[in-house]
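Undergrad: okay, predicted coordinates and the sequence, questions at the end:
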Amino acid sequence: MSEISKLGEFGLIKHLTNDIQIKNSETQYGIGDDCAVLRFSQEKDMLITTDMLMEGIHFDLTYMPLKHLGYKSAMVNFSDVYAMGGTPKQITVSIALSQRFSVESMEEFYSGLRLACDHHGVDIVGGDTTSSLTGLAISITCIGEVEKGKAILRNGARETDLICVSGDLGGAYMGLQLLEREKSVYYDQLKKLDKLEGEAREMAAMEIAQPDFHGKEYLLERQMRPEARGDIIKRLSASGVHPTSMIDISDGLSSELMHICSQSGVGCRIYEERLPLDYQTAVMAEELNMNVSTCALNGGEDYELLFTVPLSEKDKIESVEDVKLIGYVTKSDLGMALITRDGNEFELKAQGWNPLKNE
Ligand code: ADP
Ligand code: MG
């Protein structure tokens, strides 16, 4: 028997799907990108993506309200459609739930899901509902569209292209660290409470500290209410920018850069000083004694867009709001590297956020 953890998530997918042959001419692009690309019409291509979220692996209901979870579940799928330069149109929603969930709690989940769909003009067109022994599982499939032949794949980056990223990075990961920290503080207090009785217990219960998130609101928002960057896709198109490759940042910048570089057959140089960071992310990293650049490179769940544009579009891309140039594409034999603040080259390794490693 072989252990799955030896292959990792990407290795396993490759192992299982390597020799799949496409039988239908409508299948323009199958496994390997943020969405598959299907062609059923002369004007548009259809995009399709699916994502599964498991309680205890992808979310923790002790601090994640179900409404936020609904919102986020939809967003992670919209993000994959935007990462192809497309527009999300429909989703199907499958849920498996255990007996501890009430009607009201699932209403909450759906209110978040519907809010996300309203914001992005998406219809909920189906799904499946079943029971689970262990908790909540959510699987959403999203269908989108893009102009025929215009889907932006991961494999189009070329030497001298500029590497761009939207928004800022590492915030969602810092938000998660913050929530985990407050959760353990809370549980420690509850444990102490268990040892007390009577009046002493009542007094101690009143003194249980509520978490203070003041000044860290942005980090919570990044973790609990991410927003897929459809606005960036619109702005790029309005500014006449033609990305050569694109991916959304779900597993961390390093990991996504690795996908673009390996699929495009290129290398890259990115600059540490150019990594887009929010002030709150930097403060939190310092509080936790973590290197903020490491958080920006490897923290997951930012749902920003990483893309490359031809050097000839430098002026155009520089004028697009909320997009930052972080480096450039090189020949593949130069590998992937980060130029640190002090000018050293540091080989980029995709640590990613690999749930299969920890199970
Ligand atoms: P993303 O992070 O953008 O959702 P993934 O890393 O999950 O992408 O998946 C990479 C590619 O592998 C995608 O094209 C996805 O459809 C495909 N894929 C993932 N798991 C499987 C599977 N079990 N069987 C077939 N294809 C898969
Ligand atoms: Mg993706």
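TA: Done, it's in. Ligands and ions are numbered 1, 2, ... in the order given.

Undergrad: what about residue 238, neighbour count?
TA: Using other CB atoms under 10 Å as the criterion, residue 238 is surrounded by 9 other residues. Where C-beta positions appear, they are placed from N, C-alpha and C, glycine not excepted.

Undergrad: and the closest residue to residue 48 other than its chain neighbours, how many neighbours?
TA: Across the structure, with CB to CB, 6 or more residues apart in numbering as the measure, the residue nearest residue 48 apart from its sequence neighbours is residue 36 (5.1 Å). If you count neighbours by other CB under 10 Å, residue 36 ends up with 19.

Undergrad: how about the one 5 residues further on?
TA: The tally of other residues near residue 41 (other CB under 10 Å) stands at 11.

Undergrad: could you pull up phi and psi at it?
TA: Main-chain torsions, residue 41, degrees, to the nearest 10: phi -140, psi 170.

Undergrad: tell me the contacts of the nearest residue to it once chain neighbours are set aside?
TA: Among residues not flanking residue 41 along the chain, residue 148 sits closest, at 7.5 Å (CB to CB, 6+ apart). Residue 148 is in contact with 39, 41-45, counting by CB atoms under 8 Å, 6 or more residues apart in numbering.

Undergrad: tell me the pLDDT at residue 148?
TA: On pLDDT, residue 148 comes in at 98.

Undergrad: all the strands of the stretch 251-359 of the chain, in order from the start?
TA: Taking DSSP state E, counting those that start in this stretch as the criterion, the stretch 251-359 of the chain carries its strands at 266-271, 304-309, 323-331, 336-339, 345-347.

Undergrad: what mean pLDDT does the longest one have?
TA: If I follow you right, that is strand 323-331. Across strand 323-331, the average pLDDT comes to 98.

Undergrad: ligand 2 contacts on this structure?
TA: If contacts are counted using CB under 5 Å from the ion, the residues of the chain sitting beside ligand 2 are 34, 80, 248.

Undergrad: give me that answer again for 6 Å
TA: In this structure, the chain approaches ligand 2 at residues 34, 80, 83, 247-248, 250, judged by CB under 6 Å from the ion.

Undergrad: sec struct for residue 196, please.
TA: The three-state assignment at residue 196 reads coil, by DSSP: H, G, I helix; E, B strand; the rest coil.
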